[in-house]
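A.B. asks: turn this into a model:
(one chain, ligands or ions: 1)
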Amino acid sequence: MNPASRSAYLRAMQVDSWTLRRPSCEPAAPRVDDWTGLEGEVAGCERCGLCRGRTQTVFGVGDRAADWFVIGEAPGAEEDLKGEPFVGRAGRLLNEMLRAIGLARERVFIANVLKCRPPGNRDPAAAETAACLPYLERQIALVRPKILLVVGRIAAQSLLASVEPIARLRGRVHGFGPERVPLVVTYHPAYLLRSPAEKRKAWEDLKFARRVFAGVK
Ligand code: URA
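C.D. replies: Now for the predicted structure:
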């Protein structure tokens, strides 16, 4: 059947027809992301004003095929100097929290919503988060983790596009992105250093996350 009569036939049958927008001889150009390209883009990023104050970008570390992807807010002073997330006091507590559920730091992937340090460790501005979040989304797509563990209100609200307080976001399984990757929220280790009485709740969150993971692995 020639293409014209094929469309007439499909129209008569009330079937939606479609046509290729490019000649069929032309290969499709899927946008294949890769770590090297992404790291280079992040290292040279000037999407927001934070690039002017940084020592370096803080891309993320860990196992690039990890089941667990841990997400924080933004680099602090020590992370900015070292180029690695969670290396200060909060980072040491994060390592302990992970160890408590049987995870070595090297076995997870760790990154922040923002790749550059906000001056004076202020909260990220909405425009900075909007500019930087696509990098994290691409990292998640590359790692393909089984679970996202999000630490702190700011990271949780950014990823979930929510204004709910952290008390309402923890204790539930959220789904992230088109793949609905299970996402569990807990307190930020820097907050736990300031409010050690909340560590008990964080421990409940970690055990909850471990149960969620056991259900999806
Ligand atoms: N706090 C964060 O959220 N991320 C870091 O990398 C360090 C401290």
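A.B. asks: tell me the residues of this protein that contact the ligand?
C.D. replies: Listed as neighbours of the ligand in the chain under the rule CB under 6 Å from any ligand atom: 72-76, 79, 85-86, 90-91, 112, 190. (C-beta placed from N, C-alpha, C; glycine too.)
A.B. asks: so which of these are in strands?
C.D. replies: Counted as lying in strands by DSSP state E, out of the residues of the chain next to the ligand, are 72, 112.
A.B. asks: for the helix or strand containing Leu193, packing partners?
C.D. replies: For Leu193, the host element (DSSP states H and E) is helix 189-194. Under the contact definition 3 or more CB pairs under 8 Å, 6 or more residues apart in numbering; DSSP states H and E, helix 189-194 sits against helix 89-100.
A.B. asks: quick one on the thing from earlier: avg pLDDT for whatever helix or strand comes next after the helix holding Leu193?
C.D. replies: Once the chain leaves helix 189-194, the next helix or strand it forms, by DSSP H and E, is helix 199-216. For helix 199-216, the mean pLDDT works out to 97.
A.B. asks: Ala104 - how many residues pack around it?
C.D. replies: Around Ala104 sit 11 other residues, with neighbours defined as other CB atoms under 10 Å.
A.B. asks: and it, how far is that from Ala66?
C.D. replies: Between Ala104 and Ala66 the distance, using CB to CB, to the nearest Å, works out to 11 Å.
A.B. asks: in space, not sequence, find me the middle residue of this structure.
C.D. replies: With distances taken as CA atoms, centre = their mean, the residue of the chain nearest its centroid is Leu136 (4.4 Å).
A.B. asks: re earlier: any idea of the mean pLDDT in the helix holding Leu193?
C.D. replies: For helix 189-194, the mean pLDDT works out to 98.
A.B. asks: buried residues in it?
C.D. replies: By neighbour count with 16 or more other CB atoms under 10 Å, helix 189-194 contains the buried residues 189-192.
A.B. asks: between those, which sits nearest Cys45?
C.D. replies: Ala190 (24.4 Å; CB to CB).
A.B. asks: so the closest one makes contact with Arg92?
C.D. replies: No - with contacts defined as CB atoms under 8 Å, Ala190 does not count as touching Arg92, sitting 11.0 Å away.
A.B. asks: got the contact list for Val163?
C.D. replies: For Val163, the set of contacting residues under the criterion of CB atoms under 8 Å, 6 or more residues apart in numbering consists of Gln157.
A.B. asks: quick check, it in a strand?
C.D. replies: No - applying DSSP: H, G, I helix; E, B strand; the rest coil, one finds Val163 to be coil, outside a strand.
A.B. asks: ok, now how distant is it from Ala65?
C.D. replies: As defined by CB to CB, Val163 lies at a distance of 34 Å from Ala65.
A.B. asks: what of Ala197?
C.D. replies: 37 Å.
A.B. asks: which of the two has more residues huddled nearby?
C.D. replies: Neighbour count, other CB under 10 Å: between Ala197 and Ala65, Ala65 has more, with 10 against 7.
A.B. asks: and that one, what is it in contact with?
C.D. replies: Contact analysis of Ala65 by CB under 8 Å, 6+ apart lists 143-144.
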